[in-house]
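K.L.:
My questions concern the predicted model and sequence given below.
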Amino acid sequence: MGDKIKILGICGSLREGSYNAAALRAAAELVPADAELEIFSIAGLTEFVQDQEPPEKVVEFKRKIREADAILFSSPEYNYSVPGVLKNAIDWASRPYGDSAWEGKPAAIMGASPGIFGTVRMQYHLRQIMVFLNMFPINKPEVMIGGASNKFDKDGNLTDEATRGFIRDLVRNLVDWTKRLG
């Protein structure tokens with residue numbers, strides 16, 4: 001760890017105008033002074049195939065994960081679980097067996113949804129995945145942004161002050177947790 005905690009933000013949505021990408025941008029604004037947040041786009045990652053050489057984008061992704069002190073996921077919920085594009089990215093960065101970039105990383109999860117449950121099931125499933133990956137997610141605050149269409153403006157700016165507070169607390173706790181584990 002350097003002077004600043006390096007957080008890598010990963011969005012589980014490729015949708016233009018994604019509330020989850022907007023939530024990551026808000027987190028980058030709200031990150032404490034002793035940290036920095038870089039957002040990595042998983043767009044363009046090919047489908048994971050076990051016996052395929054990792055493409056350059058995967059090599060770059062794994063390097064970014066390894067350079068980061070902590071990971072911040074922001075993702076929608078698809079069919080009660082983790083979106084396929086996010087699971088694909090997670091699988092790429094965990095392979096080949098014994099060369100997982102996720103090993104021992106502190107992590108935090110947030111999610112935004114137009115629905116009222118705000119990604120609760122996705123977050124539960126992502127936590128289950130983190131057990132196998134040997135990642136260390138923080139427990140609180142849980143940031144589940146329900147009714148997201150009322151919390152972001154048309155340009156993707158987070159306008160809801162309560163949600164800003166939850167995200168601020170989440171990244172502060174992630175930084176503190178990363179220091180404790182470091």
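P.N.:
Sure, I can see it. Residues are numbered from 1 along each chain as shown.
K.L.:
can you give me the strands in this protein?
P.N.:
Ranges of strands within the chain are 5-11, 35-40, 70-74, 106-112, 136-137, 143-145, based on DSSP state E.
K.L.:
So which residue is smack in the middle of the chain?
P.N.:
Nearest to the geometric centre of the chain sits residue 73, at 1.0 Å (Cα atoms, centre = their mean).
K.L.:
ok, it - contacts?
P.N.:
Residue 73 makes contact with 9, 10, 11, 12, 86, 107, 108, 109, 110, 126, according to Cβ atoms under 8 Å, 6 or more residues apart in numbering. All C-beta spots, glycine's among them, are computed from the backbone N, C-alpha and C.
K.L.:
For those residues, give me JSON lines that also has neighbour count and pLDDT.
P.N.:
Below are the contacts of residue 73 laid out as JSON lines (neighbours: other Cβ atoms under 10 Å; pLDDT from 0 to 100):
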{"residue": "9", "neighbour count": "26", "pLDDT": "98"}
{"residue": "10", "neighbour count": "24", "pLDDT": "98"}
{"residue": "11", "neighbour count": "28", "pLDDT": "98"}
{"residue": "12", "neighbour count": "27", "pLDDT": "98"}
{"residue": "86", "neighbour count": "26", "pLDDT": "98"}
{"residue": "107", "neighbour count": "24", "pLDDT": "98"}
{"residue": "108", "neighbour count": "27", "pLDDT": "98"}
{"residue": "109", "neighbour count": "24", "pLDDT": "98"}
{"residue": "110", "neighbour count": "27", "pLDDT": "98"}
{"residue": "126", "neighbour count": "25", "pLDDT": "98"}
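K.L.:
one step back: now the strands of the chain in a markdown table, please, with extra columns for distance to residue 19.
P.N.:
Below are the strands of the chain laid out as a markdown table (distance: least, Cβ to Cβ, whole Å):
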| stretch | distance to residue 19 |
| --- | --- |
| strand 5-11 | 10 |
| strand 35-40 | 14 |
| strand 70-74 | 9 |
| strand 106-112 | 4 |
| strand 136-137 | 21 |
| strand 143-145 | 7 |
